[in-house]
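>>> Just the structure for this:
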Amino acid sequence: MTIKDDIIALINRAYRTDEFVNDFTGAVTTVMNSIIAFCNSVHDNIFFDSLDEDGVEWWENMLAIIPASYQTLNDRRIKIRAKWLSKYHNDVELLQRVCNSWKNGEIVVDFIGGKITLTFVSSYGIPSDLDALKASIEEVKPAHIPLAYVIKYLLKKEIHHVLTKSEMQTYKKHQYCDVKIGV
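Okay, here's the model as predicted:
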């Protein structure tokens, strides 16, 4: 049932076929549908993860973010969340929160030897959207502190004497291996 049908069902039967009543309920239905659409939009834009295009544009204007033309909607959401979280005191915990907004739990932030070190702990190789993370971290971190990225690679020489040939053949290229490797 539509809103118009619901309203007409509440009216006395004698007035349900009246032309004025039908026109009036049609106008009320139009207004109610726009209010419902607005409420649904507000509901969908409560969290950074579910922002739609309009919500992303609103937050970008609010936080003075200029999106790059190549960024996807998800990259823009990540940038918004990182910028919002960067309003706190600048420390390792802040950088960890920014990294957690990028991909939950895949990066460990540490301050080692006078450098901020970002260690990718869950996957091998260069992550696909690393540029978005780099831009967010560069905006938040102190300018005088260097930044180091630690990216894991699975090399044949590191597992050569650890696994047998038949054990190595059970792994596909995209799978992670439980072999401890140096990072």
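>>> residues of stretch 42-58 that come out buried?
45, 48, 51, 55-56 (16 or more other Cβ atoms under 10 Å). Bear in mind the C-beta positions are built from the backbone N, C-alpha and C, glycine included.
>>> what's the burial count for residue 147?
Using other Cβ atoms under 10 Å, residue 147 is surrounded by 13 other residues.
>>> and it, what are its phi and psi?
Dihedral pair for residue 147: phi -120, psi 140, per degrees, to the nearest 10.
>>> How about the backbone phi and psi for residue 126?
Dihedral angles (degrees, to the nearest 10) for residue 126: phi -80, psi 130.
>>> pretty sure it contacts residue 151?
Yes. Using Cβ atoms under 8 Å, residue 126 is in contact with residue 151, at 6.0 Å.
>>> More neighbours: these two, which one.
More crowded of residue 126 and residue 151, by other Cβ under 10 Å: residue 151, with 14 against 10.
>>> what about stretch 8-20, distance to the chain center?
49 Å (Cα atoms, centre = their mean, to the nearest Å).
>>> Put the alpha carbons of that stretch into CSV.
Output of stretch 8-20 as CSV, limited to C-alpha atoms (Å, rounded to 0.1, in the frame of the first residue of the first chain):
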residue,chain,number,x,y,z
ILE,A,8,-7.8,7.2,2.1
ALA,A,9,-8.4,4.1,4.1
LEU,A,10,-8.7,6.2,7.3
ILE,A,11,-11.3,8.5,5.7
ASN,A,12,-15.1,7.9,5.8
ARG,A,13,-16.2,5.8,2.8
ALA,A,14,-18.4,8.6,1.6
TYR,A,15,-15.4,10.8,0.9
ARG,A,16,-13.0,8.2,-0.5
THR,A,17,-13.9,8.9,-4.2
ASP,A,18,-14.2,12.6,-3.8
GLU,A,19,-12.0,14.4,-6.4
PHE,A,20,-10.7,17.0,-3.9
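>>> what does stretch 64-78 contact?
48-49, 51, 53, 56, 59-60, 79-80, 83, 101-102, 129, 132-133, 136 (Cβ atoms under 8 Å, 6 or more residues apart in numbering).
>>> Farthest-apart pair in those residues, please.
The span of the contacts of stretch 64-78, defined through Cβ to Cβ, is set by 53 and 133 at 22.3 Å.
>>> No further queries at this time; thank you.
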